[in-house]
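In: Sequence plus predicted model, see below.
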Amino acid sequence: MLNDSSIKNNTNLWRKIILIAGIFSFIICILLIANYIQIKKADPINMTVINSLVERLNQTPNDTLLRDQIRTLDLLSRKAYFTNQWQIRIGGYLLLACIAIMLIAYQIINFGKKNIPDTTGEVENSAASQKTARRWIAISGISLSVVALLFAFLSHNELNNKFKVATPLTVAQNAVQDTTVQATSQSGGVSDTSKLFESTNGASALNLPAGTDTKIDKLADSKDNDPTFRGPGGYGIVPQKNIPVSWDGKTGKNIVWKTEIPLSGYNSPIVWGGKIFLTGANATKREIYCIEGSSGKILWTTPIDKIAGTAPTVAEGTGYSAPTAATDGKGVYAIFANGDIVALDMNGKKVWAKSLGVPQNHYGHSSSLMVYKDMVIVQFDQKGSSKLMALSTQTGKTVWSTIRSVKVSWASPIIVFTGKRTEIILAAEPYVASYNPATGEELWKLDCISGEVGPSPAYANGIVFSVNDYSKLAAIQLGDQPKVLWENTDFLSDVPSPVATDKYLILSTSYGTAVCYDAQSGKKYWDKEFNNAVYSSPIIAEGKVYLLDRTGVMHIFKADKEFVSVGEPKLGEKSDCTPAFSNGRIYIRGEKNLYCIGK
């Protein structure tokens, strides 16, 4: 048994440890509280300065010196953001560690006191008062620690909110306009993207990328169809050939027709059987349109009303009809910002309609629809009750519904065949996840993304790619145990989704820089800065990348390890929508008009 002297010595030692940990905790508490006050009073990342420079750049878009200054400030803002987040996170962990040490030391002292024999039988008069004093000190310390942790949480949210209000190079980029971006690629080993659809495997009859599961759906019964956002399955690589690379909206060169769309929307066109489908909406009206592909004539307009859903408050840049519709040749399926989803037949007659409930987010529902066999796939990620759903295309009844422990997302699902099975792959903080499309069962998930995710994942050759602004670009190698193959934080996007082949990953940032990486290693081959911001996502056709910027300029370049420009034709109208491709033609939704471009 320890003697009185050794017990007292150990007690003194642990009291010193408590004192040191207490002082350290107090300092951390003060720093966390001061950090919150500083963020509230001042902009730690100079967003006001950056946005004022952006306004100047909008007036003088050819000022390369000003553009370089903005890029430099953008880089500094990213470093400041990550540094501040790291400091808050580490400060919180250290504070919790100090509290744990203090509690352990206190318990050890109490245990030591129980082993000290009472030789005098006397109790000092001050014992009670000392115990009371220690109790109040402990209560005060714990209270201060709780307050400090609360301020750390508030600091984290406050910093994120500053980026939602204004982000570098585009004012309010989080007010997403092209919110339903899907990107994926072939899983076969074809290096020349112009030969992707000449494979002799089972997918060739459907003109799908090599390696595509012909059981996924019947959406590509004809090479002339573009039935969902970025093509069948959301691949972002289209089988069409003889695509034009030159046009001019002002002179009419290669403009077959253009048609004004009554209600605005940021969704993209879909095509089936020579007909184009779009949606439009405002705070009081929602409509679906069918346009004749040969003439541009609006064949029918179906108003969507008498559904239980109510209009939410949405961001101006997002609008009320951001999600792209889907079709299987039997029906047209559309969803709006308020969670209303509807199915029409090909003549515009309503088959069924239902409300999924007003989404709990600040921009309204924005994820696009996908079709798998006889089910409509809906990614419905919102505050408190995120889920992935499959609804019957015939009746609208829920076939299955899977709860997801994720935060708000406006990304869209992609459907891929990995060589062994068909998977629905989604991205939302904190992970990229895969689901069985037949049952909704979760197959795997990997924690590798943060923020309110806008870009959808991409896929090629057994690798899934995810990205989000102020998060990271991650390549996930699939297998029995999916793992992160490589990561990068140099170029990130909050709107456009990447597109991948077996060799290359091509990504566009929202502020207008295109980047090409080696898909396997993450090595950067090149980056190219354009003059304007980009919300549309890149699409690959005949080995060429089509990337539309917000002013309506289409940047066409080769999908290769060296940047080679093919052309930069102008639409003559602003656009934030990803184009659709069908039968040698390109369909682009502008700010007011739908354009048909062909040779």
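Out: Nice, I can see it.
In: so after the helix-or-strand element of the chain with minimal mean pLDDT, what's the next helix or strand?
Out: The helix or strand of the chain with the lowest confidence, counting by mean pLDDT, DSSP states H and E, is helix 127-165 at a mean of 57. Next helix or strand after helix 127-165 toward the C-terminus (DSSP states H and E): strand 237-238.
In: from the chain's centre, how far out does that next one sit?
Out: Its chain's average C-alpha position is 21 Å from that of strand 237-238, according to C-alpha atoms, centre = their mean, to the nearest Å.
In: Would you mark the buried spots in the following helix or strand past that strand?
Out: Per DSSP H and E, strand 237-238 leads on to strand 255-260 as the next helix or strand towards the C-terminus. Under the neighbour-count criterion of 16 or more other C-beta atoms under 10 Å, strand 255-260 has 255-259 buried. In this view, the C-beta of every residue, glycine as well, is placed from N, C-alpha and C.
In: So which of these is the closest to Thr418?
Out: Within the buried residues of strand 255-260, the smallest distance to Thr418 is 38.5 Å, found for Val256 (C-beta to C-beta).
In: and the closest one, what does it touch?
Out: Neighbour list for Val256: 296, 585, 596-598 [criterion: C-beta atoms under 8 Å, 6 or more residues apart in numbering].
In: Could you list which of those residues belong to helices?
Out: Using DSSP state H, no member of the contacts of Val256 sits in helices.
In: can you list the residues you listed in TSV and add distance to Gln477?
Out: Shown next, in TSV, are the contacts of Val256 (distance: C-beta to C-beta, whole Å):
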residue	distance to Gln477
Gly296	45
Arg585	37
Cys596	41
Ile597	38
Gly598	40
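In: From Ser246, how far out is the closest residue to Lys558 other than its chain neighbours?
Out: Distances taken as C-beta to C-beta, 6 or more residues apart in numbering put Val564 closest to Lys558, at 4.4 Å, once the chain neighbours are dropped. The gap separating Val564 from Ser246 is 16 Å, by C-beta to C-beta, to the nearest Å.
In: which of these two has more neighbours?
Out: Ranked by neighbour count (other C-beta atoms under 10 Å), Val564 and Ser246 place Ser246 first, with 14 against 10.
In: Is it correct that that one is in contact with Lys570?
Out: No - the pair Ser246 / Lys570 is not scored as a contact, 10.3 Å apart, by C-beta atoms under 8 Å.
In: now the helices for the stretch 351-500 of the chain?
Out: Remark: no helices are assigned in the stretch 351-500 of the chain by DSSP state H, counting those that start in this stretch.
In: Okay, domains of this structure per the record?
Out: The chain breaks down by automatic domain parsing into domains covering 4-165, 193-597.
In: Deepest-packed of those, please.
Out: Burial of the domains of the chain is given as mean neighbour count (mean count of other C-beta atoms under 10 Å); domain 193-597 ranks first at a mean of 21.
In: thinking again about what came up before, for Lys285, state which of the buried residues of strand 255-260 is nearest.
Out: Thr259 (18.6 Å).
In: so the closest one sits right up against Ser294, yeah?
Out: No - if you go by C-beta under 8 Å, Thr259 and Ser294 don't touch, sitting 12.0 Å apart.
In: Next, the contact list for the closest residue in space to Trp352 that isn't next to it in sequence, please.
Out: Nearest non-adjacent residue to Trp352, counting by C-beta to C-beta, 6+ apart: Gly396, 3.8 Å away. Gly396 is in contact with 341, 343, 351-354, counting by C-beta under 8 Å, 6+ apart.
In: nearest to Pro323, of those?
Out: Checking the contacts of Gly396 against Pro323 with C-beta to C-beta, the nearest one is Ile341 at 9.3 Å.
In: mind listing what the helix or strand where the closest one lies pairs with, with the direction of each?
Out: Under the criterion of DSSP H and E, Ile341 resides in strand 340-345. According to DSSP bridges, strand 340-345 has the following sheet partners: strand 331-335 (antiparallel), strand 350-355 (antiparallel).
In: Using CSV, write down the CA coordinates of the longest one.
Out: Presented in CSV, the C-alpha positions along strand 350-355 are these (Å, rounded to 0.1, in the frame of the first residue of the first chain):
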residue,chain,number,x,y,z
LYS,A,350,-51.4,13.4,-67.4
VAL,A,351,-50.9,9.7,-66.3
TRP,A,352,-50.2,10.4,-62.6
ALA,A,353,-49.0,13.1,-60.3
LYS,A,354,-48.0,13.4,-56.7
SER,A,355,-46.3,15.7,-54.2
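In: Let me see the mean pLDDT of that strand.
Out: Strand 350-355 shows a mean pLDDT of 94.
In: which other residues reach it?
Out: By C-beta under 8 Å, 6+ apart, the residues outside strand 350-355 that reach it are 302, 304, 306-309, 331, 338-345, 394-396.
In: tell me how far that strand is from the chain's mean position?
Out: Here strand 350-355 shows a centroid-to-chain-centroid distance of 28 Å under the convention C-alpha atoms, centre = their mean.
In: same deal with the shortest one?
Out: Relative to its parent chain, strand 331-335 has a centroid offset of 23 Å by C-alpha atoms, centre = their mean.
In: Which residues does that strand contact?
Out: With C-beta under 8 Å, 6+ apart, strand 331-335 has contacts from 277, 279, 288, 290, 304, 323, 325-327, 341-346, 351, 356, 365, 369, 371, 376, 378, 393.
In: Good, we can wrap up now.
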